[in-house]
Structures are given as C-alpha cells and as structure tokens.
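Asker: mind looking at a prediction? Sequence and model below.
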Amino acid sequence: MTEKKRTTIVLFSGDYDKAMAAYIIANGAAAYDHEVTIFHTFWGLNALRKDEHVEVKKGFMEKMFGKMMPRGAEKLGLSKMQFAGFGPKMIKGVMKKHNAMSLEQLIDMAQEQDVKLVACTMTMDLLGLHKDELLENIEYAGVAAYLADAEDGNVNLFI
Amino acid sequence: MTEKKRTTIVLFSGDYDKAMAAYIIANGAAAYDHEVTIFHTFWGLNALRKDEHVEVKKGFMEKMFGKMMPRGAEKLGLSKMQFAGFGPKMIKGVMKKHNAMSLEQLIDMAQEQDVKLVACTMTMDLLGLHKDELLENIEYAGVAAYLADAEDGNVNLFI
Amino acid sequence: MTEKKRTTIVLFSGDYDKAMAAYIIANGAAAYDHEVTIFHTFWGLNALRKDEHVEVKKGFMEKMFGKMMPRGAEKLGLSKMQFAGFGPKMIKGVMKKHNAMSLEQLIDMAQEQDVKLVACTMTMDLLGLHKDELLENIEYAGVAAYLADAEDGNVNLFI
C-alpha cells in the first residue's frame, strides 16, 4: 500500500486573488487524492470569517482590528490593481462571465473534499478573533501541528 | 541511474523584484541540473507578455485588463519602494552598474537552459490574454499539470 | 541513524508580519530538531540590519537605498493595514499585551537555536549593503548554497 501524497499550504495573505490561488491548488490536489491542509495565519484568517457581525466580548484593540479587517472571503481585496475597490469588482465580473467559482464557492468545495482548514490559534489570539466569528467545521492549531503536516509533505507552499 | 532533482515555481506575482528572484532561483537550479518549471499564473503572466501591442479580439473587460496590466518583463513594478515609478528606475540603475542581468535577460537565459515556462490557461482566460500576446516557446497548462510536476519536486516555491 | 529533517526558508519580504511568520516557523522547526536555514534576500535583508547608522563608503545610489530602507527588524512596516505607520504600532501593542515575542526577540531566539541565518551576497551588492551594517554571527552566500540546502529539504518556503 502506498501512502497518500500530501499538500500543505500556509495561507498568510488576506488578498482575494492569493486566497483563490491557494484554494484552486488545494482543490486540485484533493481531486488528485492528496491529503490537503490549508493553515490560515495572520490576514489569511479573514477568508474564514463569517460575513455577519458576531457579538463577542473584546478589548479595544481587538475591536478595532475586527472592524478594520474584511469579514469573510467575498470582502477581501486584491494584491494588485486594487483601484479603490474597482479592481475586485472587475475580477468578480470576469469570473462570473467565465463561470469561474468565487472564493466562497472554492472554500465550500474544499470542505466537501475534506481539505483540512486550520485556523492558527496564535494569530487568532493576537488579532482578537473568536471561534464564533469563524466558519464551522474548521480546526484550530498552532505552528507545531503545521510542521507535523508539512514535514512529510510533497507540496509545501507559503501564500 | 539517479533521477534528476526537480524545482517547480509558481510565479503568481507581477512584481519585477519577485519575478527576478523566481528566475534567479530557476536559472541556478537549471545550472545544477534540476528539471525546472515556472508556472505563471495571475499577475505572473505579465512577465511573459510581448512588449508590443498585439491585435486580438477581446471583450470590454478583457480589453481593460490588457491595457492596465504591464506589457512584458521590463514594464513590471516593484513589490516595495515603488515611489511612483522611481524605485524601478533606481533598481535598474544599480543592476546596470553591477552588471546584473535584467529580468528580460534572465527569461532568455531560462529558455536557453530549457527551463519549462508554463502559462496558466485558466488565468489567461480570466484576464483575457491570448497566446499571440505571450512569448514564443512557452507551454500552456492548468493546475493538474502543475501538481504533476510539483508532487515529485525537491524545491517547490510560490512566489 | 536517521537524518535530521530540514527546513529552508527564503525570506524575500521586508514586511514585519511576514518576517515574523518566517521566524516563528523557523523557531518551531528548530525546536522540533530540524536543521533550519533562513536565506535573506532583497528586502528580507533589512531584518538583519543593525539599528544604528554604520559609516561605510558607498556610491550615491547605494547611499539612497541605505537611507530609504528600514534599519533593522523593529523598523519594518506591515504587508497589510500599514495605515501610515499606525498599523505596526497597533500590532506591536497587541503583541505586547499578549506577551508575544517581537521580531527582534524571535531573531535572537533563532540564533540561540542555531538557525542558520544567511545574507544573500548578490542582493547585498545590488542594494549596497556592507557586512558591517548587518548583525553578527550570520553567514554570507549565494543562490547555489541556498539550492544545496533546499534540494534535500522537507519544508521549503518562499516568504
């Protein structure tokens, strides 16, 4: 019996286009029967936020971060050609025209394909994000768990 | 007979400095007898654009993207210290002074060393880029081909 | 006897948050007994700069770069939410509150754990950075040395 191949992605970026690339690679790898993990850290956590406001008790700084950071996949900006918010609209326009999946749909698909979505607990703490504010059916872990997945990996990426 | 080592780079970024780093690593790996692939996706495709205008039929959005995105390696901006276009001039100034190769020359060298340059067909579609607008002697493929290269790779990078 | 696992990180970015991520992964990997190398290239070199001005003879362009680039780990900006310098203050505020280590402390810890810190000589040349301007006890090497480390690596990341 051969072991399964493994793809492990650190999603650090909170940019819509970079998160798309991460999820496209992850879904592709899952389709090719890899064990896939996306470890969301720093701004990458924003892709996992629910899109509604969730009432949780926070300190002042954490409240500020919560307000300033985008709430969920479809609120993320672009890494390039942001153009005061016009860039993301254009990209979403052409994506719709070409029947490409939105980031939200790519995340759903990843969950259906058993891609392990992990939220970095250290950064959650730092940015003041609570479990209640993030999507259901994700895991919570730190850098040690990431390394345990990555060290036997075939494809390791930092995005 | 030992198998060749393999380096596979996803070039997502359209920044001059990041593309330089990708091509310097790729050329180094090729010199050390690795099989090397650079998979150009999203803004990374701009490094492969011809520097002249190519007449192709496009929709309105695709025309807009075509106009706004830099046409070819030497038109790319920097990831840092852009300074309204002054940064790239400075970098190119010091590169010339130190006899460092330009990105264009690095791409030529990669092609001479048989580095496989791949354009991501999904993103070409999305951004409305046609084969006629890209350099000669490159390949066209999707995420599946990337994964096939990457899963047996020694060095896998996302840049 | 089993061989040690190996983690090799290219730190290209000069952003505080990305450098933090690189050093957190590096310190984690070192704690799990990996051999760890961080190869600092382009803007990533700024994390290794001493925080005081060092008198060295430079050309005009090199002097300009020296002045414009941040001097040392604690001067770096953020990749996101820069907010005219307010973002880094906020991040450092919450880091202090949560007793998280600063980048400077993470670099010290990495040196204590024998993480190999390498400065890319080609970029030093290009940006006009001298050894006297960088931290003590680091190594100097080029892309060939990086590839030699990376090609047998378990975790290879470009940050």
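Answerer: Ah, there it is.
Asker: contacts for stretch A:144-153?
Answerer: Stretch A:144-153 has contacts (Cβ atoms under 8 Å, 6 or more residues apart in numbering or on different chains) with A:6-8, A:10, A:37, A:39, A:118, A:120, A:156, C:5, C:7, C:25, C:28-29, C:32, C:34, C:154-155. Glycine gets a C-beta too; all of them are placed from N, C-alpha and C.
Asker: please redo it, this time with the cut-off set to 10 Å
Answerer: A:3, A:5-10, A:34-37, A:39, A:41, A:116, A:118, A:120-121, A:139, A:141, A:143, A:156-158, B:151, B:156, C:5-7, C:24-25, C:28-29, C:31-32, C:34, C:153-157 (Cβ atoms under 10 Å, 6 or more residues apart in numbering or on different chains).
Asker: now the buried members of the residues you listed.
Answerer: A:5-10, A:34-37, A:39, A:41, A:116, A:118, A:120-121, A:141, A:143, A:156-158, B:151, B:156, C:5-7, C:24-25, C:28-29, C:34, C:153-157 (16 or more other Cβ atoms under 10 Å in any protein chain shown).
Asker: among those, which are in strands?
Answerer: Among the buried ones among the contacts of stretch A:144-153, DSSP state E puts A:6-10, A:35-37, A:39, A:116, A:118, A:120, A:141, A:156-158, B:156, C:6-7, C:155-157 in strands.
Asker: ok, now which ones touch the most centrally placed residue in chain A?
Answerer: Using Cα atoms, centre = their mean, the residue of chain A that lies closest to the mean C-alpha position is A:Ala47, 4.3 Å off. Taking Cβ under 10 Å, 6+ apart, we find A:Ala47 in contact with A:11, A:13-16, A:18-20, A:22-23, A:38, A:40, A:70, A:72-76, A:103-104, A:106-107, A:117, A:119, A:134-135.
Asker: let's see that with 6 Å instead.
Answerer: A:Ala19, A:Ala73 (Cβ atoms under 6 Å, 6 or more residues apart in numbering or on different chains).
Asker: that's a helix at it, yeah?
Answerer: Yes: the assignment for A:Ala47 (DSSP: H, G, I helix; E, B strand; the rest coil) places it in a helix.
Asker: quick one: it and chain C, what's the gap?
Answerer: 13 Å (Cβ to the nearest Cβ, to the nearest Å).
Asker: cool, and A:Thr121?
Answerer: 12 Å.
Asker: was I right to think that residue contacts A:Tyr140?
Answerer: Yes: using Cβ atoms under 6 Å, A:Thr121 is in contact with A:Tyr140, at 5.1 Å.
Asker: now the angle from the top helix by length along chain A to strand A:35-40?
Answerer: The single longest helix within chain A, with elements called by DSSP state H, is helix A:16-31. Relative orientation of helix A:16-31 versus strand A:35-40 (axes from the mean of the first three to the mean of the last three Cα atoms, to 10 degrees): 160 degrees.
Asker: does helix A:16-31 come close to chain B?
Answerer: Yes: between helix A:16-31 and chain B, judged by Cβ under 6 Å from any Cβ of the partner chain, the touching residues are A:Asp17, A:Ala21, A:Ile24, A:Gly28, A:Ala29.
Asker: from those, which is closest to B:Gln82?
Answerer: A:Asp17 (18.3 Å; Cβ to Cβ).
Asker: next up, the contacts around that closest one.
Answerer: Applying Cβ under 6 Å, 6+ apart, the residues contacting A:Asp17 are A:Leu78, A:Ser79, B:Phe42.
Asker: among those residues, which one sits closest to chain C?
Answerer: Using Cβ to the nearest Cβ, A:Ser79 comes nearest to chain C of the contacts of A:Asp17, at 9.6 Å.
Asker: can you count the residues close to that closest one?
Answerer: 24 (other Cβ atoms under 10 Å in any protein chain shown).
Asker: what's the burial count for the closest residue to it other than its chain neighbours?
Answerer: Closest residue to A:Ser79 apart from its sequence neighbours, by Cβ to Cβ, 6 or more residues apart in numbering or on different chains: A:Asp15 at 3.9 Å. If you count neighbours by other Cβ under 10 Å, A:Asp15 ends up with 24.
Asker: what pairs with A:Asp15 across the strands?
Answerer: Assessed by DSSP bridges, A:Asp15 has beta-bridge partners A:Gly77.
Asker: need the contact list for the closest residue to A:Ile38 other than its chain neighbours.
Answerer: Nearest non-adjacent residue to A:Ile38, counting by Cβ to Cβ, 6+ apart: A:Ile9, 4.9 Å away. By Cβ under 6 Å, 6+ apart, A:Ile9 lies in contact with A:Ala22, A:Ile38, A:Leu157, A:Ile159.
Asker: turn the residues you listed into TSV, including distance to B:Asn99 and pLDDT.
Answerer: Shown next, in TSV, are the contacts of A:Ile9 (distance: Cβ to Cβ, whole Å; pLDDT from 0 to 100):
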residue	distance to B:Asn99	pLDDT
A:Ala22	38	98
A:Ile38	42	98
A:Leu157	33	98
A:Ile159	34	98
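Asker: wait, which of those is closest to chain C?
Answerer: Using Cβ to the nearest Cβ, the contacts of A:Ile9 come closest to chain C at A:Leu157, 7.5 Å.
Asker: wait, the closest one sits on B:Ile159?
Answerer: No: contact criterion Cβ under 6 Å: A:Leu157 and B:Ile159 do not qualify, at 9.9 Å.
Asker: give me the pLDDT value at the residue lying closest to A:Leu103 once chain neighbours are set aside.
Answerer: With sequence-adjacent residues excluded and distances taken as Cβ to Cβ, 6+ apart, A:Leu103 is closest to A:Ala73, at 4.2 Å. A:Ala73 is assigned 93 on the pLDDT scale.
Asker: tally of neighbours for A:Ala73?
Answerer: Using other Cβ under 10 Å: A:Ala73 sits among 23 other residues.
Asker: A:Glu104 now?
Answerer: There are 14 residues near A:Glu104, going by other Cβ under 10 Å.
Asker: helix or strand: which one has it?
Answerer: helix A:103-112 (DSSP states H and E).
Asker: gap between the closest residue to A:Met90 other than its chain neighbours and chain C?
Answerer: Excluding its sequence neighbours, the residue lying closest to A:Met90 (Cβ to Cβ, 6+ apart) is B:Met61, at 6.3 Å. Computed as Cβ to the nearest Cβ, the B:Met61 to chain C distance reads 27 Å.
Asker: test for you: state the pLDDT assigned to B:Met61.
Answerer: The model's pLDDT for B:Met61 equals 83.
Asker: also the one 3 residues further on?
Answerer: At B:Met64, the predicted lDDT confidence score is 85.
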